[in-house]
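>>> pasting a predicted model and its sequence here:
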Amino acid sequence: MAPFRADGTTLGTPTWIWSVVVDNNLYIRPYHGERSRWYRAAITQRGGKVTTAGRSYDVSFDPADPAILDAVDAANHTRYATSSYLPPMIAAGPRDATLRISPTTR
């Protein structure tokens, strides 16, 4: 995942992130919540690229609807159940900074 830099066209440094799908939407969280550099870029620029399985996609980043956060927590519990990083990822900071990723056309 790489949000655009301040110029709106240059991609930032790619960052490995956790992701989960809830109701056919992709959600991500920054480990350091709103202090995360990539989060600040994503929320400011609202766009970037996601690379998965060798393919890159143009995407938008939007704050998640608070009503979906419990379901995102549950999806993280299911997908990352054995990870020692799970408790911090469902804590208030990362939870409050949950983003929905949507495909875009550029």
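Received it, and whenever you're ready, just let me know what you need.

>>> what residues sit buried inside the longest strand belonging to the chain?
The longest strand of the chain (DSSP state E) is strand 55-63. By neighbour count with 16 or more other CB atoms under 10 Å, strand 55-63 contains the buried residues Val59, Phe61. Placement of C-beta: from N, CA and C, glycine included.

>>> send the alpha carbons of that strand over as PDB?
Taking C-alpha atoms only, strand 55-63 is exported to PDB below (Å, rounded to 0.1, in the frame of the first residue of the first chain):
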ATOM      1  CA  ARG A  55      -0.800  -6.600  -9.400                       C
ATOM      2  CA  SER A  56      -1.200  -2.900  -8.600                       C
ATOM      3  CA  TYR A  57      -4.500  -1.100  -8.200                       C
ATOM      4  CA  ASP A  58      -5.400   2.600  -8.000                       C
ATOM      5  CA  VAL A  59      -7.400   3.100  -4.900                       C
ATOM      6  CA  SER A  60      -9.000   5.700  -2.700                       C
ATOM      7  CA  PHE A  61      -8.700   5.800   1.100                       C
ATOM      8  CA  ASP A  62     -11.700   6.900   3.100                       C
ATOM      9  CA  PRO A  63     -12.500   6.900   6.900                       C
END
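
>>> so what touches that strand?
Identification of contacts with strand 55-63 by CB atoms under 8 Å, 6 or more residues apart in numbering yields 3, 42-43, 45-51, 98-106.

>>> other SSEs contacting the longest helix along the chain?
Using DSSP state H, we find that the single longest helix of the chain is helix 69-79. Packing partners of helix 69-79 (3 or more CB pairs under 8 Å, 6 or more residues apart in numbering; DSSP states H and E): strand 19-22, helix 86-89, helix 92-96.

>>> any chance of these in JSON lines, plus mean pLDDT and distance to Leu11?
As requested, these are arranged in JSON lines below (pLDDT from 0 to 100; distance: least, CB to CB, whole Å):
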{"stretch": "strand 19-22", "mean pLDDT": "97", "distance to Leu11": "18"}
{"stretch": "helix 86-89", "mean pLDDT": "96", "distance to Leu11": "24"}
{"stretch": "helix 92-96", "mean pLDDT": "97", "distance to Leu11": "23"}
